[in-house]
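Asker: The amino acid sequence is not available; the structure is as follows:
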Ligand SMILES: Cc1cc2nc3c(=O)[nH]c(=O)nc-3n(C[C@H](O)[C@H](O)[C@H](O)COP(=O)(O)OP(=O)(O)OC[C@H]3O[C@@H](n4cnc5c(N)ncnc54)[C@H](O)[C@@H]3O)c2cc1C
Ligand code: FES
Ligand code: FES
């Protein structure tokens, strides 16, 4: 065993940096900027490398940093929140009992990504940094926050603004925070990934919804998010505003349908046009609301 | 510019002695740390039971167990396996006898050309170690990353059910 030396094609080799701690990791990234990227599970990076996508040559390893691996409930004022280290695997996001019991949309969405072997390696931080990861719509409707570190130090903010802002440049995501889940009895949630082959390729449309009714059967809380393909997942703020506070019988599905078509702006791709994706999204959302009213 | 990059922190790692325990044997290999585990197994160690097909995590031909978890060896880089226990198809026989899962695949017609079989067997092992009584849905989910171009999956499902029953 091990007698023959196999020469790695140097073009394929990447240059690995092993920082001793978070601070070093960030310093290295700021120094190398666009020539470097963080690597967590490495599943997306490896996929792109094999597909010949040009990527930064330097990789800064994160998977050995214990401070990114924890998963814990923390008291914040009179609320408890779940803090998920960015290295937590999608397999754990799916199977962790706390997540299953209280934030089942995250658990469900993690199961929709790739295969068990990939989920064992892929991380929640990598999925967010991907920008179009299938966890994002679920996290958006759960009002997730992220903590990240970049040139301006450590910050915590809404996931939705992190995705949009320039914040993500050079940012090292350290943690995903889920606020206390609602114990409302009349709560509902759903998550759908519509694609040509369920788990292996970017979906056409990924949709998530979460909300609850109050005692008077008014929609007290509603969150809707859509993503899919190469489009940045987004909350549907106008659709939410239309629904917010409405009594069941006042919700007009045909109005909601038109609002989805107007608000969701997915990019077309070689397999599906923008208008097709809009239609899929509007049908999905309206049929989910129809089940509730 | 290039020099200043090199002077900060630890130098980048070009070649590294990587220690991995493969099938209960400690292995030390000097490799570029971004070498894929599948290449170490097949090209350095000639453990060719681990197959390579898609190279992008989609087919499962390269499935191995890394610290008892199912992974695609084409997706894991050497540095990520450092200090870990890897089990390949060559490592699951028991005292010269086929593992009960292998025996089940053999008896139930769980393979034809056999290319997907090492991955199927290891995916089955990972499943049964976590869940001794999987139903058909759980079996399908556990094997969803392992593709077979020959059998149509009927024989594979039979083999996994039979392995489950004989390992109880
Ligand atoms: C076969 C296959 C199928 C897949 N299917 C899906 C799918 O269905 N849905 C889906 O969403 N994804 C899919 N993916 C993509 C990918 O596996 C997941 O999105 C995964 O969660 C990425 O996590 P990772 O830790 O492996 O990321 P890595 O590959 O390590 O990194 C991905 C990107 O994120 C950056 N990054 C990683 N961690 C951090 C961090 N903490 N802070 C800042 N930046 C960071 C990296 O620099 C890189 O740009 C698939 C991949 C494969 C190989
Ligand atoms: S060769 Fe690794 S998954 Fe296909
Ligand atoms: S037996 Fe030929 S690929 Fe499965």
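Answerer: Done, it's in. On a predicted model such as this, the values are computed, not experimentally measured, just so you know. Ligands and ions are numbered 1, 2, ... in the order given.

Asker: In contact with residue 79: list those residues for me.
Answerer: In the absence of a named chain, chain A is used. A:179, A:180 (C-beta atoms under 8 Å, 6 or more residues apart in numbering or on different chains). For glycine as for every other residue, the C-beta is placed from the backbone atoms N, C-alpha and C.

Asker: other chain: chain B
Answerer: By C-beta under 8 Å, 6+ apart, the neighbours of residue B:79 are A:16, A:18, A:61, B:13, B:16, B:18, B:33, B:34.

Asker: shaky segments in the chain?
Answerer: In the absence of a named chain, chain A is used. For chain A, the stretches with pLDDT under 70 are A:1-12, A:166-167, A:197-201.

Asker: Hmm, no, I was thinking of chain B.
Answerer: B:1-13.

Asker: Pick out the residue closest to the middle of chain B.
Answerer: Nearest to the mean C-alpha position of chain B, counting by C-alpha atoms, centre = their mean, stands residue B:64 at 1.1 Å.

Asker: The closest residue to chain B within chain A: neighbour count?
Answerer: Residue nearest to chain B within chain A (C-beta to the nearest C-beta): residue A:115, separated by 2.3 Å. Residue A:115 has 24 neighbours, counted by other C-beta atoms under 10 Å in any protein chain shown.

Asker: what's the closest non-adjacent residue to it?
Answerer: Distances taken as C-beta to C-beta, 6 or more residues apart in numbering or on different chains put residue B:145 closest to residue A:115, at 2.3 Å, once the chain neighbours are dropped.

Asker: again, but for residue B:125
Answerer: Residue B:125 sits nearest to residue B:101 (C-beta to C-beta, 6+ apart), 5.8 Å away.

Asker: host element of the one you found?
Answerer: Here residue B:101 sits within helix B:100-107, counting by DSSP states H and E.

Asker: wait, does the following helix or strand past that helix contact ligand 1?
Answerer: As assigned by DSSP H and E, the chain's next helix or strand after helix B:100-107 is helix B:117-130. No - Helix B:117-130 does not reach ligand 1 (C-beta under 6 Å from any ligand atom); its nearest approach is 13.7 Å.

Asker: so what's the nearest residue to residue A:149 once chain neighbours are set aside up against?
Answerer: Spatially, and ignoring its direct neighbours in sequence, residue A:149 is nearest to residue A:172 (4.9 Å; C-beta to C-beta, 6+ apart). By C-beta under 8 Å, 6+ apart, the contact set of residue A:172 is A:22, A:25, A:26, A:29, A:38, A:62, A:86, A:148, A:149, A:150.

Asker: Show only the entries of the residues you listed found in helices.
Answerer: Of these, the ones assigned to helices by DSSP state H are A:22, A:25, A:26, A:29.

Asker: and the longest helix for chain A?
Answerer: Chain A, longest helix under DSSP H: helix A:274-292.

Asker: distance between that helix and the chain's centre?
Answerer: Centre-to-centre, helix A:274-292 and its host chain are 20 Å apart (C-alpha atoms, centre = their mean, to the nearest Å).

Asker: What helices and strands are in contact with it?
Answerer: In terms of contacts (3 or more C-beta pairs under 8 Å, 6 or more residues apart in numbering or on different chains; DSSP states H and E), helix A:274-292 is packed against strand A:187-194, strand A:205-213, strand A:219-228, helix A:253-263.

Asker: hmm, try it at 6 Å
Answerer: Using 3 or more C-beta pairs under 6 Å, 6 or more residues apart in numbering or on different chains; DSSP states H and E as the contact test, the elements touching helix A:274-292 are strand A:187-194, strand A:205-213, helix A:253-263.

Asker: got the contact list for that helix?
Answerer: Contacts to helix A:274-292, defined as C-beta atoms under 6 Å, 6 or more residues apart in numbering or on different chains, come from residues A:188, A:190, A:192, A:194, A:204-205, A:207, A:209, A:226, A:253, A:256-257, A:260-261, A:264, A:266, A:268.

Asker: So among the residues you listed, which ones count as buried?
Answerer: A:188, A:190, A:192, A:194, A:204-205, A:207, A:209, A:226, A:256-257, A:260, A:264, A:266 (16 or more other C-beta atoms under 10 Å in any protein chain shown).

Asker: that older thread, now the helix holding residue B:101 and helix B:117-130, what's the angle there?
Answerer: If you take axes from the mean of the first three to the mean of the last three C-alpha atoms, to 10 degrees, helix B:100-107 sits at 130 degrees to helix B:117-130.

Asker: Helix B:100-107 near ligand 3 anywhere?
Answerer: No - Helix B:100-107 is not in contact with ligand 3 by C-beta under 6 Å from any ligand atom; minimum separation 9.5 Å.

Asker: So for that helix, what gets flagged as buried?
Answerer: Buried positions in helix B:100-107, judged by neighbour count with 16+ other C-beta under 10 Å: B:100, B:101, B:102, B:104, B:105.

Asker: quick one: the first one from residue B:68, how far?
Answerer: Looking back up the chat, that one is residue B:100. 17 Å (C-beta to C-beta, to the nearest Å).

Asker: so what's residue 51 closest to, chain neighbours aside?
Answerer: No chain in the question, so chain A it is. Nearest to residue A:51 is residue B:56, by C-beta to C-beta, 6+ apart, at 6.7 Å.

Asker: my bad, chain B
Answerer: residue B:61 (3.9 Å).
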